[in-house]
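> please work out how this folds:
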Amino acid sequence: MSDENENKESKESKANAVTNIINFFKSNPKALYALLGAVVVVALAIAMGGGGEEIQVKTAVTSGQAVILENPNIGDTQLMAVPGKLSSIEAEGEESQNICLAKKGTSAMVDEETTVNFIPYVKVTVKDGPCQGKSGWTPKVNVKVK
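Here you go, the predicted model:
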């Protein structure tokens, strides 16, 4: 019986606390606005505080270095005529942008590096496979050091 009384008293005290808080904000609307403003400031600080770090690709390559082409997402690597085009879907008049689709594990040599829209790219010349002798750009994440 005493457990039921304790539960009833705790429910009543919680209800009284909530009622007191509501009455406080009804009688002091400025306190409610201050609380809401503080919540908004904290939410903005959290939203604006994240990010800002540069994405770094861990593969360190230099010009003339032998590498393996391997796309971590699908395996094959698309070589493009210019860096910065990530889509393999060709728009009208852009047929010449796609140079070759190199199979996973194809050997290549790095010609140069650049960064476009915060994404590092490398220009490679393929050494074997169906794309042998062709040169094109691919995101740096698609190359692994031999």
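
> remind me, longest strand of the protein?
strand 106-116 (DSSP state E).

> who are the packing partners of that strand?
Strand 106-116 is packed against strand 66-69, strand 119-126, with contacts defined by 3 or more Cβ pairs under 8 Å, 6 or more residues apart in numbering; DSSP states H and E. Where C-beta positions appear, they are placed from N, C-alpha and C, glycine not excepted.

> what's the angle from it to strand 119-126?
Going by axes from the mean of the first three to the mean of the last three Cα atoms, to 10 degrees, strand 106-116 is angled at 150 degrees with respect to strand 119-126.

> can you map out the helices along the protein?
Along the chain, the stretches classed as helices by DSSP state H are 2-27, 29-49.

> now the first one, how far from the centre of its chain.
Relative to the chain's own centre, helix 2-27 is displaced by 46 Å; criterion: Cα atoms, centre = their mean, to the nearest Å.

> and it with helix 29-49, angle?
90 degrees.

> for helix 2-27, what is the average pLDDT?
Average pLDDT, helix 2-27: 79.

> same question for stretch 76-91, mean pLDDT?
75.

> scratch that, stretch 102-120 is what I was asking about
On average, stretch 102-120 scores 91.

> can you give me the buried ones in it?
Of the residues in stretch 102-120, 102, 103, 106, 107, 108, 109, 110, 120 count as buried by neighbour count, 16 or more other Cβ atoms under 10 Å.

> touching, the second one and residue 74? I think so.
Same thing as residue 103. No - proximity of residue 103 to residue 74 does not meet the contact threshold set by Cβ atoms under 8 Å, at 11.2 Å.

> tell me the domain ranges of this protein?
Here the domain parsing of the chain from automatic domain parsing is 2-49, 66-145.

> before we move on, the earlier item: out of the buried residues of stretch 102-120, who's nearest residue 84?
The nearest member of these to residue 84, counting by Cβ to Cβ, is residue 120 at 11.1 Å.

> list the contacts for the closest one?
By Cβ atoms under 8 Å, 6 or more residues apart in numbering, residue 120 lies in contact with 57, 113, 114, 139, 140.
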